[in-house]
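**Q** Okay, here's the prediction I keep looking at, along with the sequence it came from:
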Amino acid sequence: MTVNEWIFVGLFLALAWLLPATPIILAKFLAPKRPNPIKQQVYECGVETTGNTWVQFRAQYYIYALVFLLFDVEIVFLFPWALAYNKLGLFALFEVVVFIVLLVVALLYTWRKRALEWSS
Amino acid sequence: MTDSLIDIGLSRGLAVLIAKTLGVFALATVGLLWTFFCIWAERKVAARFQDRLGPNRAGPFGLAQTVADAIKIILKEDIMHQGVDRWVFNLAPILSVMSVLLIWVVIPFTPTLIGVDLSIGVLYLFAVGSLGSIAILMAGWSSNNKFALLGAFRAVAQLISYEVPMALAMLVPVVLAGSMSTQDIVRSQHVMYLIAAPLTVLIFIIASMAELGRAPFDILEAESELVAGYQTEYSGFKFGLFYVGEFLHAFTVGLLIAVLFLGGWRGPFAEDVPALGFVYLLLKSFVGYFAVMWIRMTLPRVRVDQILDLGWKFLVPLSLVNLIVVAFLWKILPGTDSINSAGDALVPSLVLLAANILMIAGVGMLLREEGRRERARIAARRAAQPVSEPGSVADAAPAGASD
């Protein structure tokens, strides 16, 4: 039992990458390949595309990402607490409640600031 | 298997390595091939919901339909249109399948059969599950198509929003079991956590449905607005892989519900006959899978702002409250730190069940109040601008056009 279990996760990662890649590679040999300029146009319901696709995006997405980051970090901090839950007393629970309440205040702040509204 | 390898003269470490490697190969292959069955099952169930027969030509009950489809789609031309970012475009479908398949590593199929019993199983689930949103962003961004890009942005906004309640829901079994290992979580479910935490299960199902990107949360490929969202430009088997990833994910959600909340392989005689545990797990995961299908077939799509509101303004606060209530009650209830049988767990579980019912009732009342206010708001807006009578021709035409 000296083998580290993460080796198998790594192995599985490689396999999980390789197995879906196989049909794509297989299709390279099996599928026909007859490109032409019309076929390779960008599909936009028959209208020719105008302008660059890789343009700036709506700032609202960025705000959601920021709020997500806040809670993502919170969850990372909650996992160790949940794991040690049985060993910790009531005091640790109250501390976690304080921690969560602080973040709820942050959520309320973003809410009141209308950062969670989709329509600007 | 390990023992027979030791018998032919291999050292213990090498034998474990070989056995586990073969096991990992088998798990990955079986997991991927299982999709064939999932797609068939889902099409069949969907057909029944819509009063159709579904696939019934290829093979008995149409079982070979998915195989036929796979052979067909692999023979289709794979169109690489102009301006596409080749590497990212090719990697995205692979990554979308990979992110789902990786979840299978920590699923305990029987008391003894588990890919790898990681001590941080639930954290691993959380980490691997979020790879899917990267795949979708890659697909949308590399496609050089505005529909695809919009779909990807929406998708990522939705996926990251629902990751928060989903992770908070997954924390509840961790708190109850005191371990992040999926095998330990199953072992400690003397009374399944569905009894102790029904609200958590509801939150988990809703958040998982959003993570799946399925109706009612399918704005990321809303076909009436965005053609097909992030997969607009995909063809051939690359498109097929997104399909595989989605269906496998749908079943995997069922598996996760079964493992985290329905007691996994637990059942009568499962400890003695491991194969029986596998059957139990399969049956339980089909319960979750069917729930997911049922919701998908029944509910219409919601708007993008409604989805994000539901996530941030409802599910996140609710799951935080839920987590605190469960953790608090589980702490103050006597005897919860040494549960070794169903008898020990029954009373605390029932107390939690009562608390959950109270919470659900309270939330239901809040929602009803909110619904009433929303309806009043809509009625006020209608009254302010009386453009047309409901049902008149002038009203019907724009409504039909906007759909």
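**A** Good, I have the coordinates.
**Q** tell me the contacts of the residue in chain A that chain B sits nearest to?
**A** Residue nearest to chain B within chain A: A:Trp118 (3.3 Å; Cβ to the nearest Cβ). In short, each C-beta sits where N, CA and C put it, glycine included. By Cβ atoms under 8 Å, 6 or more residues apart in numbering or on different chains, the contact set of A:Trp118 is A:60, B:304-305, B:308-309.
**Q** go with 6 Å
**A** B:305, B:308 (Cβ atoms under 6 Å, 6 or more residues apart in numbering or on different chains).
**Q** Please apply the same query to B:Lys284.
**A** B:Lys284 makes contacts with B:258, B:262, as judged by Cβ under 6 Å, 6+ apart.
**Q** what's the spacing between it and chain A?
**A** Separation of B:Lys284 from chain A (Cβ to the nearest Cβ, to the nearest Å): 23 Å.
**Q** And the next helix or strand past the helix or strand hosting that residue?
**A** For B:Lys284, the element it lies in under DSSP states H and E is helix B:274-298. Toward the C-terminus, helix B:274-298 is succeeded by helix B:304-309 as the next helix or strand (DSSP H and E).
**Q** And for that following helix, what's in contact with it?
**A** Residues from elsewhere that reach helix B:304-309, judged by Cβ under 6 Å, 6+ apart: A:118, B:154, B:158, B:161, B:217, B:219.
**Q** at 8 Å instead, please
**A** Outside helix B:304-309, the residues within contact range by Cβ under 8 Å, 6+ apart are A:64, A:116-119, B:154, B:157-158, B:161, B:210, B:217, B:219.
**Q** what residue ranges in the chain score low on pLDDT?
**A** Picked chain A for this. By pLDDT under 70, the low-scoring segments of chain A are A:1-3, A:45-46, A:51, A:53, A:56, A:119-120.
**Q** hm, I was asking about chain B
**A** Flagging of chain B using pLDDT under 70 yields the residue ranges B:1-6, B:9-10, B:220-225, B:337, B:386-403.
**Q** about what we covered before: give me the buried subset of the contacts of helix B:304-309.
**A** For those, a neighbour count by 16 or more other Cβ atoms under 10 Å in any protein chain shown gives the buried set as A:64, A:116, B:154, B:157-158, B:161, B:210, B:217, B:219.
**Q** which one among those residues gets closest to B:Gln65?
**A** Nearest to B:Gln65 among those: B:Phe217, at 26.9 Å, using Cβ to Cβ.
**Q** just checking, B:Gly178 touches B:Val172?
**A** No - the criterion here is Cβ atoms under 8 Å, and B:Gly178 misses it with B:Val172 at 12.0 Å.
**Q** Who has more neighbours out of the two?
**A** B:Val172 (28 against 19; other Cβ atoms under 10 Å in any protein chain shown).
**Q** Excluding residues flanking it in the chain, which one is nearest the more buried one?
**A** Nearest residue to B:Val172, sequence neighbours excluded (Cβ to Cβ, 6 or more residues apart in numbering or on different chains): B:Thr200, at 4.4 Å.
**Q** next one: B:Arg57
**A** Closest to B:Arg57 by Cβ to Cβ, 6+ apart is B:Gln65, at 7.1 Å.
**Q** Pull the number of nearby residues for B:Tyr243.
**A** Number of residues near B:Tyr243 (other Cβ under 10 Å) recorded here: 20.
**Q** Which residues are in contact with it?
**A** Neighbour list for B:Tyr243: B:Ile39 [criterion: Cβ under 8 Å, 6+ apart].
**Q** Mind doing that once more with 7 Å?
**A** Counting by Cβ atoms under 7 Å, 6 or more residues apart in numbering or on different chains, B:Tyr243 touches no other residue.
**Q** quick check, it in a helix?
**A** Yes - with DSSP: H, G, I helix; E, B strand; the rest coil as the criterion, B:Tyr243 is part of a helix.
**Q** Tell me which helix or strand B:Val347 sits in.
**A** Using DSSP H and E, B:Val347 falls within helix B:342-384.
**Q** Check which helices and strands that helix is in contact with.
**A** Here helix B:342-384 touches helix B:193-196, helix B:198-212, helix B:316-332, going by 3 or more Cβ pairs under 7 Å, 6 or more residues apart in numbering or on different chains; DSSP states H and E.
**Q** Just the C-alphas of the longest one, formatted as PDB.
**A** Okay, so that is helix B:316-332. Extracted in PDB, the C-alpha atoms of helix B:316-332 (Å, rounded to 0.1, in the frame of the first residue of the first chain):
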ATOM      1  CA  VAL B 316     -27.300  31.500  -1.700                       C
ATOM      2  CA  PRO B 317     -29.000  33.100   1.400                       C
ATOM      3  CA  LEU B 318     -31.200  30.000   1.800                       C
ATOM      4  CA  SER B 319     -28.300  27.500   1.700                       C
ATOM      5  CA  LEU B 320     -26.300  29.600   4.200                       C
ATOM      6  CA  VAL B 321     -29.300  29.600   6.600                       C
ATOM      7  CA  ASN B 322     -29.800  25.900   5.900                       C
ATOM      8  CA  LEU B 323     -26.200  25.100   6.700                       C
ATOM      9  CA  ILE B 324     -26.300  27.100   9.900                       C
ATOM     10  CA  VAL B 325     -29.500  25.500  11.100                       C
ATOM     11  CA  VAL B 326     -28.400  22.000  10.300                       C
ATOM     12  CA  ALA B 327     -24.900  22.500  11.900                       C
ATOM     13  CA  PHE B 328     -26.500  24.100  15.000                       C
ATOM     14  CA  LEU B 329     -29.100  21.500  15.600                       C
ATOM     15  CA  TRP B 330     -26.700  18.600  14.900                       C
ATOM     16  CA  LYS B 331     -24.400  20.100  17.500                       C
ATOM     17  CA  ILE B 332     -26.900  20.700  20.300                       C
END
